[in-house]
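Trainee: Could you look at this predicted model? Sequence included:
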Amino acid sequence: MMVSRPRKIPNLLITGTPGVGKSTICQRLADRTNYAWREVSKIAEESNCLDEYDPEYQCPFLNEDKLLDVMEVMMAKGGNIVDYHGCDFFPERWFDGVFVIRTNNTTLYDRLSARGYTGKKLEDNIQCEIFETLLEEAQSSYRPEIVQELQNDSEEQLQKNVDTIFEWIERWKEDNL
Ligand SMILES: Nc1ncnc2c1ncn2[C@@H]1O[C@H](COP(=O)(O)OP(=O)(O)O)[C@@H](O)[C@H]1O
C-alpha cells in the first residue's frame, strides 16, 4: 500500500465554467511559481483518456478513471496547478486549495462568443455560470475552508486574483513547514 506523506508545496485546483479565465490565471501563476500547470483537457487528450464524441455537448467524453491513474503520479509531490471545468471526480486528498473563478454573464457571453461557441454549447455554459454549478460542485466536493471564490471580470481583478493565490501559496508553505 502506498503511504501518503505530507507535501512540502501545495497542490491547487483552479476551476470554473469555460471562459472564466482559468488558463490565464494558471499561466501567470505558473510563471510566477514555477509550479506545473496541469491542463486536464490537454492531459486527457495526450494520454488517450477521451472516449467517443458526445454530439449534444460537442466534445468527447472523458474517461475519468484512466485520467486519474495518469495524474496520480504527477500529484504526489505537490507543486501542481490543476486547471479544469469540473472538480467532483478528483480525489479530495489531491488538493490543498480550490479556487473557483467567476465571471459576470455578459462578459462570459462575449468571451465564449469570441471563442466561437454558439447555440446550445454557448447557452449551457452561460447557464452553468448563472446557476453557480462549479461553485456548488467545489463546495460539495471539498472542505469549505479550502474553497475560495474569485471574481474575474477585468484586468485589475485578474492581477488581484493572481496575487491572492500567490499569497495563499506562500502562507500555506509557512503553515506547513
Ligand atoms: N480578468 C480578465 N479580464 C479580461 N479578460 C480576461 C480575463 N481573464 C481572462 N480573460 C480573457 O477571457 C478569455 C477566456 O480566458 P481563459 O483563460 O481561456 O478561460 P478558461 O481557461 O477558463 O476557459 C481569454 O480571451 C482571456 O484573455
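Mentor: Nice, thanks for sending it over. Numbers count the residues shown, from 1 in each chain.
Trainee: What about residue 40? Give its phi and psi, please.
Mentor: The phi/psi pair for residue 40 (degrees, to the nearest 10) reads phi -60, psi -40.
Trainee: That one: neighbour count?
Mentor: 20 (other CB atoms under 10 Å). Every C-beta, even on glycine, is put in place using the N, C-alpha and C of the backbone.
Trainee: nearest residue to it other than its sequence neighbours?
Mentor: residue 84 (3.8 Å; CB to CB, 6 or more residues apart in numbering).
Trainee: Contacts only, for that neighbour.
Mentor: For residue 84, the contacting residues are 13, 15, 22, 39-41, by CB atoms under 8 Å, 6 or more residues apart in numbering.
Trainee: Could you identify the most distant pair in those?
Mentor: 13 and 41 (14.1 Å; CB to CB).
Trainee: Residue 59 and the ligand: what is the separation?
Mentor: According to CB to the nearest ligand atom, to the nearest Å, residue 59 and the ligand sit 13 Å apart.
Trainee: and if you look at residue 167?
Mentor: 18 Å.
Trainee: ok, how many other residues are close to that residue?
Mentor: 10.
Trainee: for residue 69, same thing?
Mentor: Neighbours of residue 69 (other CB under 10 Å): 12.
Trainee: Helix or strand for it, just tell me which one.
Mentor: Per DSSP states H and E: residue 69 is located in helix 64-75.
Trainee: Count the residues that sit near residue 170.
Mentor: 10.
Trainee: same question, residue 110
Mentor: 12.
Trainee: and the helix or strand bottoming out on mean pLDDT in the chain, how far out from the chain's middle?
Mentor: Every helix and strand in the chain was compared by mean pLDDT, DSSP states H and E; the lowest is strand 50-54, with a mean of 82. Centroid displacement of strand 50-54 relative to its chain, using CA atoms, centre = their mean, to the nearest Å, is 21 Å.
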